[in-house]
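> my questions concern the predicted model and sequence given below.
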Amino acid sequence: MTDNQMEEAKPILMAKKGRKKKYQDYDFQYLLPADIESLIEGYLTENKHFNTILTIVKKINDFFVERTSMKPADYSLFKDLWMSSIDRYIKYEEISFYFYIKRCIEQYYGLRNKRLYFADEQEQAFIKFLAEDDEIRKNILYKKFLKQALEKMVESQIHRYKLHSSTVSYEDQLNSTVSFLHEKMKHFNEKLGAKAYSYLGTISVRHLRNAQKKEYEHKTSTLNYSDFYQEFESSPEHIYFHKPYEDNLNVEFFYEIPDLLYVYMHDPDKRKLLTDVDIKVGESIIYLIRNWDEIFDLKVETSNKFKKNSIFELLRNLSGYPTKHITISLKTFRAIYFKEKGIKIEDGYNALEDLM
């Protein structure tokens, strides 16, 4: 694989060195011509551009053969899948032809990561959803690409950070949080460089924590000490209410790290502080943070040593560098972390909030 191809291929998780890559985000958009939508429309309406489309199909087949366990002899099956998928393509119900055909290929060959619920497809669907004026198409985009992703994100946060409500049912808590996200969607600004996942994730965590804090305040204001103490002792779930804002800054800042590192790696002035190794390690860190709950099963108790060793192994596989180089780069990112966190604290974090 050439350096350019390595750069184009996104980081992936590999169980063993040399094994064909299976679950990853196969980005072959650069192989599609800019006028692919026109070519597909011409083929569907007037049966034109057949040879041009076959040339594209062959290039993309070679792309998947190189990166997966697909065999060259499977080209006829690949071509039939591609052409039959074109016949079913309905532009009005899709984000774009690229995401449609990508989904068809990954589902057919079992290459789709079912645990990755908010990928590039959902990012683009969210942007299309906000820009769309047609209410019918907005509903299609939401139900087909966003609804399940948002519910899964909120569900994951509730379980991961122990944000269960003591006054409403789990289903009502989930629905109310997703409804709150609906109200905040319109404020998202793609030009600021943030990802939709980070934006929505930060909002939902803050909303859940604020709701938990209000429940705690209401509980302490309406119960006398003996009642509260008795209820506290009888239910282990309430151990989380004595300090509902604990580590709130760390949780929020954790979601902001990918966007901060992205700025350092793409801003000309800040990029000067990083080496080529730092860039690759930084890309790997961004991938790990954005897919943290998918990579690690946080419901399973593990030691800190196990987690540390696992993270180093993942960073080695993702970046391609040995532990020595990664350790040096992590010192740089550690300095960036504390610098940016200090700025966030100075810009408005109230340390007394944790004592309330």
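Great, that's in hand.

> next, the buried residues of stretch 102-120.
Buried residues in stretch 102-120, defined by neighbour count with 16 or more other Cβ atoms under 10 Å: 102, 104-106, 109, 111-113, 116-120. Bear in mind the C-beta positions are built from the backbone N, C-alpha and C, glycine included.

> what does it contact?
22-28, 60, 64, 68, 70, 78, 81-82, 85, 99, 121, 148-149, 152-153, 196-197, 291, 294 (Cβ atoms under 8 Å, 6 or more residues apart in numbering).

> same thing with stretch 172-190?
So stretch 172-190 is contacted by 126-127, 129-130, 150-151, 154-155, 158, 164-165, 168, 194, 196, 199-200, 203-204, 207-208, 211 (Cβ under 8 Å, 6+ apart).

> give me that answer again for 6 Å
127, 150, 154, 165, 199, 200, 203, 204, 207 (Cβ atoms under 6 Å, 6 or more residues apart in numbering).

> tell me who's in contact with residue 265.
Taking Cβ under 6 Å, 6+ apart, we find residue 265 in contact with 279, 282.

> quick one on the thing from earlier: which of the contacts of stretch 172-190 are buried?
Buried by 16+ other Cβ under 10 Å: 150, 154, 165, 199, 200, 203, 204, 207, out of the contacts of stretch 172-190.

> the last one: which element?
Here residue 207 is covered by helix 196-222, with elements defined by DSSP states H and E.

> what about that helix, average pLDDT?
On average, the pLDDT along helix 196-222 is 87.

> would you map the helices across the stretch 101-250 of the chain?
Along the stretch 101-250 of the chain, the segments classed as helices by DSSP state H, counting those that start in this stretch run 120-131, 135-141, 147-160, 170-184, 196-222, 225-234, 248-266.

> where among these is average confidence lowest?
helix 225-234 (a mean of 51).

> now the contacts of stretch 172-190 as CSV including distance to residue 273?
As requested, the contacts of stretch 172-190 are arranged in CSV below (distance: Cβ to Cβ, whole Å):
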residue, distance to residue 273
127, 31
150, 36
154, 36
165, 44
199, 26
200, 30
203, 31
204, 33
207, 35
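
> quick check: the farthest pair among the residues you listed?
With Cβ to Cβ as the measure, no two of the contacts of stretch 172-190 lie farther apart than 127 and 165, at 31.5 Å.

> closest to residue 330 out of the buried ones among the contacts of stretch 172-190?
The nearest one, if we look at the buried ones among the contacts of stretch 172-190 relative to residue 330 and count by Cβ to Cβ, is residue 199, at 26.6 Å.

> pull the contacting residues for the closest one.
With contacts defined as Cβ under 6 Å, 6+ apart, residue 199 is in contact with residue 188.

> can you list the domains in the chain?
Domain assignment for the chain, taken from automatic domain parsing, gives 22-114, 115-244, 248-356.

> so how far is the longest one off the chain centroid?
Centre-to-centre, domain 115-244 and its host chain are 15 Å apart (Cα atoms, centre = their mean, to the nearest Å).

> what helix or strand is residue 342 located in?
Going by DSSP H and E, residue 342 is in helix 323-346.

> what angle separates that helix from helix 248-266?
Helix 323-346 runs at 120 degrees relative to helix 248-266, counting by axes from the mean of the first three to the mean of the last three Cα atoms, to 10 degrees.

> got the buried residues for helix 323-346?
Across helix 323-346, burial judged by 16+ other Cβ under 10 Å covers 325, 326, 329, 330, 332, 333, 336, 340, 341.

> over to stretch 264-284?
Within stretch 264-284, the residues that qualify as buried are 264, 265, 274, 277, 278, 279, 280, 281, 282, 283, 284, counting by 16+ other Cβ under 10 Å.

> ok, stretch 178-193 next?
So stretch 178-193, judged by 16+ other Cβ under 10 Å, has buried residues 178, 180, 181, 185, 188.

> any idea how far residue 156 is from the closest residue to residue 252 other than its chain neighbours?
Leaving out its chain neighbours, the residue that sits closest to residue 252 by Cβ to Cβ, 6 or more residues apart in numbering is residue 202, at 6.0 Å. Spatial separation of residue 202 from residue 156 under the definition Cβ to Cβ, to the nearest Å is 14 Å.

> quick one, the helix holding residue 207 and helix 170-184 angle?
With the same axes, to 10 degrees as the basis, helix 196-222 and helix 170-184 are set at 120 degrees to each other.

> in helix 196-222, which residues are buried?
By 16+ other Cβ under 10 Å, the buried positions in helix 196-222 come out as 196-205, 207-209, 211-213, 215-216, 219.
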